[in-house]
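[1] Quick one, what's the 3D model for this:
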Amino acid sequence: MEGTSIAESDVMEYLQKHYQEADLGWVSGCHWVSDNVLLSDIDWEDRPGGIDEDKVSDKVKKLEKSQPHPVILVAPDPESKMRVADGYHRCAALSQSGQSSVSAWIGVPKHDNVGWMADVEQMQFTAKNHDPGE
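    Now for the predicted structure:
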């Protein structure tokens, strides 16, 4: 995976603002890089629980004023699209505003782990005060 290496602690610091620490163990199982990613390379349209169109509209308006926080992606394997851990609504807002790419922090698993993606999905379902993209 190309991109600029970023510290795991930066990823943790951001995610701890929005998720329970107990749900973030998967973060340490990744190498982290920062890069721009084409929206077409991300599986972002199939969000568990659906996408809130009002939230997307609010984020589109915010895009006019400032750049959003990078989305948090995971790249389970090089053969499949990247998955969104945090940032579904930001991806949808960027798409609606005509953007073709997104700034992202990408987690690449250090080891094969069948349960790894399930840990990411568990984090998404137990979100606390979740309003990323500020």
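[2] Only C-alpha atoms from now on, for both contacts and neighbour counts.
    Fine.
[3] buried stuff in the one helix or strand residue 14 maps to?
    Here residue 14, judged by DSSP states H and E, is contained in helix 8-16. Within helix 8-16, the residues that count as buried by 16 or more other C-alpha atoms under 10 Å are 8, 11, 12, 15.
[4] The residue nearest to the last one when sequence neighbours are not counted: neighbour count?
    Which is residue 15. If the residues on either side of it in the chain are set aside, residue 15 comes closest to residue 24, at 7.8 Å by C-alpha to C-alpha, 6 or more residues apart in numbering. As a burial measure, residue 24 scores 18 neighbours (other C-alpha atoms under 10 Å).
[5] same thing with residue 6?
    Using other C-alpha under 10 Å: residue 6 sits among 15 other residues.
[6] how near is it to residue 49?
    30 Å (C-alpha to C-alpha, to the nearest Å).
[7] got it, and residue 59?
    According to C-alpha to C-alpha, residue 59 and residue 49 sit 18 Å apart.
[8] shouldn't residue 32 be in contact with residue 5?
    Yes - the pair residue 32 / residue 5 is scored as a contact, 5.9 Å apart, by C-alpha atoms under 8 Å.
[9] Of these two, give the one with the bigger neighbour count.
    Taking neighbours as other C-alpha under 10 Å, residue 32 and residue 5 compare with residue 32 leading, 27 against 14.
[10] Tell me which helix or strand that one sits in.
    If you go by DSSP H and E, residue 32 is part of strand 30-38.
[11] Now that strand: buried residues?
    In strand 30-38, counting by 16+ other C-alpha under 10 Å, buried: 30, 31, 32, 33, 34, 35, 37.
[12] And the last one, what's its pLDDT?
    On the pLDDT scale, residue 37 is placed at 94.
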